[in-house]
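Colleague: Predicted model and sequence follow; I will ask about them next.
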Amino acid sequence: MMKKPRVCVLRTDGTNCDRETARAFDLAGGAPQMVHVNQLRTGEEKLAAYQIMVIPGGFSYGDDVHSGKVLAVELTSFLKEQLQEFVTAGKPLLGICNGFQVLVRTGLLPGGRTDEISAALMANDSGRFECRWIELLVENNHCLFTRGLAGRVLSFQAAHGEGKFFAREDTLAAIEQAGQVVFRYAGAGGGPAGNYPDNPNGSLHAIAGICNPGGTVLGLMPHPERFVERTQHPNWRRGETGEPHGLAIFRNAVHYAREI
Amino acid sequence: MGITTVRVTNRPGLRDPAGEDVLYEIRHALGIAPVEHVRTARVYRFEGISEKDARLLAEKLLAEDVFEVYTINKPVITDAASVVEVAYRPGVMNPEAASLSKSARDLGVTGLAAAASSREYAFYGGGVTAADIETILDRLLVNPTVETVMRAEPDTLLISGRPGETKIIPIRQMDDAALMDLSRDKLFLNLEEMRLIRDYFISRRRDATDCEIETLAQTWSEHCGHKTFKAELVVNGRKKEPLLKRLQQATARAGHPLVLSAFVDNSGVMEFYHGWAVCGKVETHNSPSAIEPYGGAMTGSGGVFRDIMGTGQGAKVIASTDMFCFAPPDIKPEAIPPGCLHPHYLLRRVVAGVRDYGNRMGIPTNNGSVHFHRDFRAKPTVIVGAYGLLPVSRAQKGRAQPGDLVVVIGGRTGRDGIHGATFSSGEMTHRTTEVNASAVQIGHPIEEKRTLDALLAAAEEGLIRAVTDCGAGGFASAVGEMGAETGVEVRLEQAPLKYQGLSPWEIWLSESQERMVLAVAPENLDRVLAICRGLNVEATVLGAFAAHRRLLVTWHGTVVCDLEMEFLHHGLPRRRMEACWQPPEEAAAPLTTLPANWTEAYGRVMAHLNVCSKEPIVRMYDHGVQGTNGLPPFSGLHGDGPNDAVLLTPLPGRPEAVVISHGLNPVLNRSDPYYGGLWAAAEAVSNAVAAGANPEEMVLIDNFIWPFPDPESLGALDRAVDACVDFVDTTGMPFISGKDSLSSTYRGADGTVIKIPPVLCVSAFGRVPDINRTVSADFKGAGNKITLVGKRTVSEMGGSVYCDLYGQPGGSPPRIDLSVLTGVLTAVHRAIAAGKVLACHDISEGGLAAALAEMCFGGGLGAAISIPAAENPVHFLFNETAGCFLVETAPDTDPAALFAGVPHQMLGTTVAGDRISAAGLFSVSLTALKRAWQEPMARIFGSMRAGNEGRGE
Ligand SMILES: [Mg+2]
């Protein structure tokens, strides 16, 4: 049997999608382990011992100040080198929902470095937390998490209050140019959605998820870990949706990690 | 060093959704036209750090240059007509303060003595008057119970104070008048109870401490003691067993094999599968929510989650539910009694509180309802439920052993919720908001989440002997109850405090949230402390359980409370209460006339507040977290068709499901407490059965929210309990947990008395062996058969939405026939389990017509039905008998065979297209019905605003 890549599922106060995220990696053939940020700070755990890292959804530190901000500050204050090493080594790093917010607020997305914050996840245009299933169009790019998925439309649940992807025009142009947009909210025809509720938060360019220039760090607002079993889809009784849409993302990470 | 203030706002030109939300409210709820635009800013204050450090915090933490700008010690919004800052009152703990301190530490900033955050609102518009601003602050932005308008920079953010002394109450000398003076507004005990306390201290030959009096008052409060439910009743001169005893005896008679724990623990427990159990608890939080809806709803959720956490030796919370009753949100402000808040504000803020607590803790909220009636204008009914998962081996209530340590974990203790237990037992008056301000606090869900994580980790290692939550009555209640059989000694000075200045009795009685009390064997202490430390949870040893059966509390060595457990827990004599009951008068028979315009009538029913879609509320709750949801609140072609119950698969990768549902109908509770009670129970279980649950594997939870028990109200309550008992006896489904709140009465200064409608909410939960054998309510295809299953007497239109809308008499309320109900439930369950049912929806408010329309909305399909010639079409369509179902089956399935032996009736078929038609009567547009059905809540919650539509950007 092939060795299962070790997955660091990062937790802290207010993390709440950790178990289902671990479960998704488990189904995909990884060996997930819960790691509290305190364990990394004390040195009891080291990121270097893991092949994959994920920052799950939730409300880290209550999303005080900005969503994910307090954890981002903690990570860049104490674990900057470990994180940077992990990314430089090309190991898969995934941030889902709150994890995406954390990655953007550390600077690891979109730039791939912890020194500059160049994008933001702002409050939804609706002004409120909303939970609904949305469609995501997978862009054709080089992100390791979406290999083989380009052009597909995936159904995931979005559940957040601060998910509006925002960046200045030049930054937007740059990440578009570099093929760093991985997911866009899709409208009825499968094309990018400008309007609520298909675009649930008012994200610019309908951006739902982006990767770093190397395609090894992915962040997205919707929750792929909430669709790794058939009955998790709200309309599973209305017919086949095929393989649960979230699985491929986790499996891609596991396969990639096995290769490196 | 003084205070440095950082103000942050979005860059000019960027949207400010918080401001837009306020503007929407100003326009739609307040009708103030001159305000054209609202912007917001966040304000942070730091005490004890340099301006340079404040600038570092601004750049690294508070303001993101990509979309925000900041200022230090000066305004950040300078071009508005008016700028107002709203902050929490000193002493109301803002959870964000702790995060500010943490991040400051992480960033290497030292010397920070205190931090605070608040919000500024900037109003734009030429004609905005000072009076407009006052109205906006008053009605929308400032709840004076917890918030205040900052009119000057504060001198300090620190809360100082020296602990008060323990006072001796000279109770032995008190006459009746003095006893009642002591009780009023504070203890809420009656004269007989006050005399008993006096006599106890006379026999002890000493006076009482304030701590002792307060401990007795909260243990003996209606909220904790359930005096009415335990009282011996005399109804119309005839003696009856206590209400609680009757419910418990019915449960015992049912002898349900799956029940593991009923009425003894913090929640009721039933067996699940594979060595697991599920537990459920439903609570009311009316009084705090009436005066501070956001904080009240938050602490209500937090409290019921802790009840689950404190079940057995600790349970994981897997679901949350919410049921609310309000006055109509468009009620005139003049109609709201003094001391009460407007329902538009209450509804939005209560929803926000439930949302923020459940979402942040990561607990899916996926079953609930909202009911409206004018008579809730004096006090809303706010019901929150929670469900949990725990191993059968840890499902029994734990017992502390002498020598075990009393360990408190979680939040610190502050002057929060003092008198919450006694306050909940009192009636709402025009003085309530002034006198009881300290009874409300802002919840801290992250504190509770990490406490839950620590608790579960300790439970999994078998380190917990017993656990309970600090709810009403705080330490006094939690520790007093855990030590009731053994005795306990507490060193109160050990308790970690939020700030100094609390008297010993305040620490002892404080209802600060997010605290759990554990009984831990000494050899396990180090491990428990290590687990807590690893998860940033504070854990402290407060004392130890003893063998002397006394409650002994000391403060730095001085005894502040020394009561015998026997007197504390058993000294309160059983009350004897008089009730009188007169059967409701026979209401005039319903009219038989038909509406002139069917489209209009159908649309009005769909738009009725008690029928309309509650989707905008549901969407604000995270129902997918934990990844367990197998039947969401809404599903169907466009995700907007409502389902009756929720199904969760809590064991990863397994098909076994927990079903959760509920039923309540305040209109019927008031017009006929017996049949209203049956309706609630029948609706609760029908909702579960409609999804595929087995009625034989389901248990119930009761919540009685009743007016103050005068003889009349008590007579009605007695009938509602009769209904519950009859329901258990005929269906075999037992109640295993319950709660009563008997303070739904308002007394104004001018003598006005408003009895809030009584509410019996019945919640149901159960187990389902296979999620694949369950159904949703949305129609699945055209050409399928639609069958009505269940027994109705359609002329029983009493309490119906249709009669309410048209101001018509309704006759008798639906009298659910218990003799056929079980058979109907079983037949529907069997049909679904056999895979023969494509969709199923039960009938409730709005009747068959509403159920049919909702199934059509979900399926994106129409329906063609025929109404039997012998039936009055209005009654047929709009009768609201619970326990009846609409069932969709494939063309080749024979409903007559499927439902042989129970009442059923072929209604028609599903059709492609946009119309519901009844042969020879009408054909109405589904698009129009759906618009009518979705519009009311969308308007209140501003969902229309959510997109870019009509924004001219
Ligand atoms: Mg229903």
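Modeller: Nice, thanks for sending it over.

Colleague: phi, psi of B:Y387?
Modeller: When read as degrees, to the nearest 10, the backbone of B:Y387 gives phi -130, psi 150.

Colleague: quick one: the residue lying closest to it once chain neighbours are set aside from the ion, how far?
Modeller: Residue nearest to B:Y387 in three dimensions, not counting chain neighbours: B:A319, with 4.3 Å by Cβ to Cβ, 6 or more residues apart in numbering or on different chains. For glycine as for every other residue, the C-beta is placed from the backbone atoms N, C-alpha and C. Distance, B:A319 to the ion, using Cβ to the ion, to the nearest Å: 17 Å.

Colleague: B:A319 contacts B:L389, correct?
Modeller: No: using Cβ atoms under 8 Å as the test, B:A319 is too far from B:L389 to be in contact (9.4 Å).

Colleague: neighbour-wise, which of these two wins?
Modeller: For B:A319 versus B:L389, neighbours defined as other Cβ atoms under 10 Å in any protein chain shown are more numerous around B:A319 (28 against 20).

Colleague: Quick check: which element contains that one?
Modeller: B:A319 belongs to strand B:316-326 when assigned by DSSP states H and E.

Colleague: what's the spacing between the helix or strand just after that strand and its chain's center?
Modeller: Scanning forward in sequence from strand B:316-326 by DSSP H and E, the next helix or strand is helix B:343-361. Centre-to-centre, helix B:343-361 and its host chain are 10 Å apart (Cα atoms, centre = their mean, to the nearest Å).

Colleague: List the buried residues of stretch A:73-84.
Modeller: Burial within stretch A:73-84, assessed by neighbour count using 16 or more other Cβ atoms under 10 Å in any protein chain shown, is assigned to A:73-76, A:79, A:82-84.

Colleague: Give me the contact list for that stretch.
Modeller: Applying Cβ atoms under 8 Å, 6 or more residues apart in numbering or on different chains, the contact partners of stretch A:73-84 are A:12, A:37, A:40-41, A:46-48, A:102, A:105-108, A:113-114, B:60-61, B:102-103, B:106-108.

Colleague: end to end, how far does stretch B:867-882 reach?
Modeller: Chord length of stretch B:867-882, first to last residue, is 19 Å (Cα to Cα, to the nearest Å).

Colleague: neighbouring contacts of it?
Modeller: Applying Cβ under 8 Å, 6+ apart, the contact partners of stretch B:867-882 are B:590, B:592-595, B:605, B:663, B:679, B:682-683, B:686, B:790-797, B:799-802, B:814, B:816, B:842-849, B:905, B:918-919, B:921.

Colleague: where does the chain have low pLDDT?
Modeller: I'll assume chain A. A:1 (pLDDT under 70).

Colleague: Switch to chain B, please.
Modeller: Filtered on pLDDT under 70, chain B yields the residue ranges B:1, B:185, B:419-440, B:943-953.

Colleague: hey, C-alpha coordinates of the helix ranked longest in it in PDB?
Modeller: Taking DSSP state H as the criterion, chain B has its longest helix at helix B:711-731. These are the backbone C-alpha positions of helix B:711-731, laid out as PDB (Å, rounded to 0.1, in the frame of the first residue of the first chain):
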ATOM      1  CA  PRO B 711     -56.600  30.000  38.400                       C
ATOM      2  CA  GLU B 712     -57.800  30.600  34.900                       C
ATOM      3  CA  SER B 713     -54.400  30.200  33.200                       C
ATOM      4  CA  LEU B 714     -53.600  27.300  35.400                       C
ATOM      5  CA  GLY B 715     -56.800  25.600  34.300                       C
ATOM      6  CA  ALA B 716     -55.800  26.000  30.700                       C
ATOM      7  CA  LEU B 717     -52.300  24.700  31.400                       C
ATOM      8  CA  ASP B 718     -53.800  21.700  33.100                       C
ATOM      9  CA  ARG B 719     -55.800  21.000  29.900                       C
ATOM     10  CA  ALA B 720     -52.700  21.300  27.800                       C
ATOM     11  CA  VAL B 721     -50.900  18.800  30.000                       C
ATOM     12  CA  ASP B 722     -53.900  16.500  29.700                       C
ATOM     13  CA  ALA B 723     -53.500  16.700  25.900                       C
ATOM     14  CA  CYS B 724     -49.800  15.800  26.200                       C
ATOM     15  CA  VAL B 725     -50.600  12.800  28.400                       C
ATOM     16  CA  ASP B 726     -53.300  11.600  26.100                       C
ATOM     17  CA  PHE B 727     -51.000  11.900  23.200                       C
ATOM     18  CA  VAL B 728     -48.300   9.800  24.900                       C
ATOM     19  CA  ASP B 729     -50.800   7.200  26.000                       C
ATOM     20  CA  THR B 730     -52.200   6.700  22.500                       C
ATOM     21  CA  THR B 731     -49.100   7.100  20.400                       C
END
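
Colleague: Against which helices or strands is the next helix or strand after that helix packed?
Modeller: Heading C-terminal from helix B:711-731, the first helix or strand you meet, by DSSP H and E, is strand B:735-741. Applying 3 or more Cβ pairs under 8 Å, 6 or more residues apart in numbering or on different chains; DSSP states H and E, we find strand B:735-741 packed against helix B:243-254, strand B:268-271, strand B:276-284, strand B:698-705.

Colleague: What about residue 124, how many residues nearby?
Modeller: Here I'm looking at chain A. Neighbour count for A:N124, taken as other Cβ under 10 Å: 24.

Colleague: Chain B was what I was after
Modeller: If we define neighbours as other Cβ under 10 Å, then B:Y124 has 18 of them.

Colleague: ok, it - contacts?
Modeller: Shown in contact with B:Y124 (Cβ under 8 Å, 6+ apart): B:35-39, B:79-81.

Colleague: now B:R533
Modeller: B:A539.

Colleague: Could you do B:G913 as well?
Modeller: By Cβ under 8 Å, 6+ apart, the contact list for B:G913 reads B:861-862.

Colleague: What distance do you get for it to chain A?
Modeller: Taking Cβ to the nearest Cβ, to the nearest Å as the measure, B:G913 falls 18 Å from chain A.

Colleague: go on, B:E20?
Modeller: Counting by Cβ to the nearest Cβ, the gap from B:E20 to chain A is 6 Å.

Colleague: Grab the nearest non-local neighbour of that residue.
Modeller: B:E20's closest residue in space is A:G127 (Cβ to Cβ, 6+ apart), at 6.0 Å.

Colleague: Now the one you found: which helix or strand?
Modeller: Counting by DSSP H and E, no helix or strand carries A:G127.

Colleague: host element of A:Y256?
Modeller: According to DSSP H and E, A:Y256 maps onto helix A:247-259.

Colleague: does that helix come close to chain B?
Modeller: No: with Cβ under 8 Å from any Cβ of the partner chain as the criterion, chain B is not reached by helix A:247-259; the gap is at least 12.7 Å.

Colleague: Convert that helix to PDB, retaining C-alpha atoms only.
Modeller: Written as PDB, here are the backbone C-alpha positions of helix A:247-259 (Å, rounded to 0.1, in the frame of the first residue of the first chain):
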ATOM      1  CA  LEU A 247     -13.800  14.800  -3.500                       C
ATOM      2  CA  ALA A 248     -11.600  15.500  -6.500                       C
ATOM      3  CA  ILE A 249     -10.100  18.600  -4.900                       C
ATOM      4  CA  PHE A 250      -8.900  16.600  -1.900                       C
ATOM      5  CA  ARG A 251      -7.800  13.700  -4.000                       C
ATOM      6  CA  ASN A 252      -5.700  15.900  -6.300                       C
ATOM      7  CA  ALA A 253      -3.900  17.300  -3.200                       C
ATOM      8  CA  VAL A 254      -3.200  13.800  -1.900                       C
ATOM      9  CA  HIS A 255      -2.000  12.500  -5.300                       C
ATOM     10  CA  TYR A 256       0.200  15.500  -5.800                       C
ATOM     11  CA  ALA A 257       1.700  15.200  -2.300                       C
ATOM     12  CA  ARG A 258       2.500  11.500  -3.000                       C
ATOM     13  CA  GLU A 259       4.500  12.600  -6.000                       C
END
